[in-house]
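Novice: Any chance you could fold what I've pasted below:
(2 chains)
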Amino acid sequence: MKSPDFAYLRAESLDEALIALADNEDGIVLAGGQSLVAALNLRLQAPELVIDINHIPGLDGINVTGDTVRIGALVRHAQLMAHSGATRALPLIRAALPYVAHPAIRNRGTTCGSLAYGDPAAEMPACAVAMDATLVLASTDGTREVSARDYYEGLYETQREPYEILIEAHFPVAPTGTRALFDEVVVRRGDFASLGLAGQMRLGGGSIAAFDLVAFGSEPAPRLLTDVAQIALGRVADTGLIADLAQAISDAVRPMESPLATPEIRRRQYRALAKRALRYAMELSDA
Amino acid sequence: MPEDTIRFTLNGREVTVSARSRGHLGDLLRYELGQTGTHIGCEHGVCGACNVMMNGRVVRSCLTLAVQIAGAEIETIEHARSDRSTVALQNAFVARNAFQCGYCTPGMIMTARELLAENAAPCREEIRDAISGNLCRCTGYQAIVEAISDAAVTLREHADD
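Specialist: Modelled structure (predicted):
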């Protein structure tokens, strides 16, 4: 299908983009366009104005400091994947990026665009919630910071106001020894996940010292499983713990009704996925 | 209907063309510039038939607005045929029967060329991962994976030519 008509603005500065967005109620921001242009072609979106931010200088940087990795609005998934400093500092991002769509999509699609849009099946929002990332939103009034854990409110519903642009994401550098946990159930490699798990874990003296876990894909928005993670703290990483966690995860999720699978099937898939992902993260054999 | 005149480099040649804001790059290439080697399949980023190179990276031409490419360098399958990686891939695709209807082939070649530029000796799994975003409804993929693997061998053997 072909997109409906719209006006196109190539913004040359962030101010120009923010003013255009503030002045046009039906304006929409184009970064990588890998969700937006598909939605336009499918006529799921019909904006009056598309504001292209790809030529705004200064938004394509990755900045790694001692405690934070800052990712600019125009950083492509492929660019982040190839940045050894960032992927070393963010093991969960490193584990999740290969699951984000396909190479040609990763070449264009931006990490911040994915974070801003909040597709329930997308990997980056789930990672941002698990890692407690901070999202920086700009408007003509200035900037504000929102925790990723507050940002996602429901199905494509976020705290971003229509006149705001997500200009940067701040990911906390994972402490040494952090293990990433990422896996998903997907029909075709790179497609949207039916469901998935994203988390980070640290072990101390053989037991779990820290654990953050998120379920996504089956839920309207990434679900932080705080009570599930609590079960693991202080316990030894063994098959007994994995069985308890897998059960707790499948009890805690609230899968949406889908024509493809009942919530009960999704819960079973979560149990199986959790066992696989936890065994891998804990480096236990497939016994 | 909003329309812009855009200039960009197509296959090494400067072109000036008028583009409607709602049109995508794939349609511009085919209908305005007669470059029909780029095939349009799903028009929402799933099938990969429309893959072209933009500023040195493979992108979906259906997910790129035509007006976005002002100032960019675009390379399509028509131009790619002059490079040795593409020739190796084309020969291997023929030898392995890696296409039947041929609709997905230009996109497959563009994707495979980027893979081989980054990874001279990809294993089967890496090849399958690279072409995961390119649908083929005829071959069942096995022949395509073999062809890309063969092309990689050919390119390694003749690396110094």
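
Novice: and the longest helix that chain A contains, what does it pack onto?
Specialist: Counting by DSSP state H, the longest helix found in chain A is helix A:263-281. Helices and strands touching helix A:263-281, by 3 or more Cβ pairs under 8 Å, 6 or more residues apart in numbering or on different chains; DSSP states H and E, are strand A:179-185, strand A:195-204, helix A:239-252. For every residue, glycine as well, the C-beta is placed using N, CA and C.

Novice: Would you mind putting those into a markdown table with mean pLDDT, distance to residue A:126 and mean neighbour count alongside?
Specialist: Below are the helices and strands packed on helix A:263-281 laid out as a markdown table (pLDDT from 0 to 100; distance: least, Cβ to Cβ, whole Å; neighbours: other Cβ atoms under 10 Å in any protein chain shown):
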| stretch | mean pLDDT | distance to residue A:126 | mean neighbour count |
| --- | --- | --- | --- |
| strand A:179-185 | 97 | 9 | 22 |
| strand A:195-204 | 96 | 4 | 23 |
| helix A:239-252 | 97 | 14 | 17 |
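
Novice: Just send the ones you listed back as a markdown table, with distance to residue A:64 too.
Specialist: Shown next, in a markdown table, are the helices and strands packed on helix A:263-281 (distance: least, Cβ to Cβ, whole Å):
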| stretch | distance to residue A:64 |
| --- | --- |
| strand A:179-185 | 17 |
| strand A:195-204 | 17 |
| helix A:239-252 | 32 |
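
Novice: before we move on, back to that, the longest helix of chain A: which residues count as buried?
Specialist: Buried residues in helix A:263-281, counting neighbours by 16 or more other Cβ atoms under 10 Å in any protein chain shown, are found at A:266-267, A:269-271, A:273-281.

Novice: got the contact list for whichever residue of the stretch 1-150 of chain A sits closest to chain B?
Specialist: Residue of the stretch 1-150 of chain A nearest chain B, by Cβ to the nearest Cβ: residue A:102 (2.5 Å). By Cβ atoms under 8 Å, 6 or more residues apart in numbering or on different chains, the residues touching residue A:102 are A:190, B:48, B:132-134.

Novice: Next: residue A:224.
Specialist: Each residue near residue A:224 by Cβ under 8 Å, 6+ apart is listed here: A:129-130, A:149, A:212-214.

Novice: same thing with residue A:85?
Specialist: Residue A:85 neighbours (Cβ under 8 Å, 6+ apart): A:62, A:64.

Novice: after the helix or strand hosting it comes which helix or strand?
Specialist: Assigned by DSSP states H and E, residue A:85 belongs to helix A:84-89. Next in sequence after helix A:84-89, counting helices and strands by DSSP H and E, comes helix A:91-96.

Novice: Tell me the buried residues in stretch A:224-240?
Specialist: A:224-225, A:228-229, A:231-232, A:237.

Novice: now swap in stretch B:145-155 and tell me
Specialist: B:145-152, B:154-155.

Novice: Let me have those residues in a markdown table, extended by distance to chain A, secondary structure and pLDDT.
Specialist: Below are the buried residues of stretch B:145-155 laid out as a markdown table (distance: Cβ to the nearest Cβ, whole Å; DSSP: H, G, I helix; E, B strand; the rest coil; pLDDT from 0 to 100):
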| residue | distance to chain A | secondary structure | pLDDT |
| --- | --- | --- | --- |
| B:145 | 13 | helix | 98 |
| B:146 | 19 | helix | 98 |
| B:147 | 18 | helix | 98 |
| B:148 | 13 | helix | 98 |
| B:149 | 17 | helix | 98 |
| B:150 | 20 | helix | 98 |
| B:151 | 17 | helix | 98 |
| B:152 | 16 | helix | 98 |
| B:154 | 22 | helix | 97 |
| B:155 | 19 | helix | 97 |
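
Novice: Quickly name whichever of those residues is closest to residue B:56.
Specialist: Taking Cβ to Cβ as the measure, residue B:155 is the one of those closest to residue B:56, at 18.5 Å.

Novice: pLDDT score for residue A:192?
Specialist: Confidence at residue A:192, expressed as pLDDT, is 88.

Novice: Revised request: answer the last question for residue A:1.
Specialist: So, for residue A:1, pLDDT stands at 89.

Novice: from memory it sits against residue A:41, does it?
Specialist: Yes - checked against Cβ atoms under 8 Å, the pair residue A:1 and residue A:41 is within contact range at 5.5 Å.

Novice: got any residues that touch both of the two?
Specialist: By Cβ under 8 Å, 6+ apart, residue A:1 and residue A:41 have these common neighbours: B:43-44.

Novice: any idea which element the residue nearest the centre of chain B lies in?
Specialist: For chain B, residue B:110 is the residue whose C-alpha lies nearest the centre (Cα atoms, centre = their mean; 3.0 Å). For residue B:110, the host element (DSSP H and E) is helix B:105-118.

Novice: pLDDT (mean, whole number) over that helix?
Specialist: Across helix B:105-118, pLDDT averages out at 97.

Novice: The closest residue to chain A within chain B and residue B:46, how far apart?
Specialist: Nearest to chain A in chain B, going by Cβ to the nearest Cβ, is residue B:133, at a distance of 2.5 Å. According to Cβ to Cβ, to the nearest Å, residue B:133 stands 8 Å off from residue B:46.

Novice: Looking at these two, which one has more neighbours?
Specialist: Neighbours were counted for residue B:133 and for residue B:46 using other Cβ atoms under 10 Å in any protein chain shown; residue B:133 has more, 25 against 20.

Novice: wait, isn't residue A:284 in contact with residue A:238?
Specialist: Yes - counting by Cβ under 8 Å, residue A:284 touches residue A:238, with 7.3 Å between them.

Novice: check contacts around the nearest residue to residue A:174 once chain neighbours are set aside.
Specialist: Once flanking residues are discounted, residue A:174 sits nearest to residue A:91: 5.5 Å by Cβ to Cβ, 6 or more residues apart in numbering or on different chains. Shown in contact with residue A:91 (Cβ under 8 Å, 6+ apart): A:174, A:178-180, A:200.

Novice: rewinding a little: residue A:240 versus the nearest residue to the residue of chain B closest to chain A once chain neighbours are set aside, what's the distance?
Specialist: Distance criterion Cβ to Cβ, 6+ apart; nearest residue to residue B:133, sequence neighbours excluded, is residue A:102 at 2.5 Å. Counting by Cβ to Cβ, the separation of residue A:102 from residue A:240 is 39 Å.
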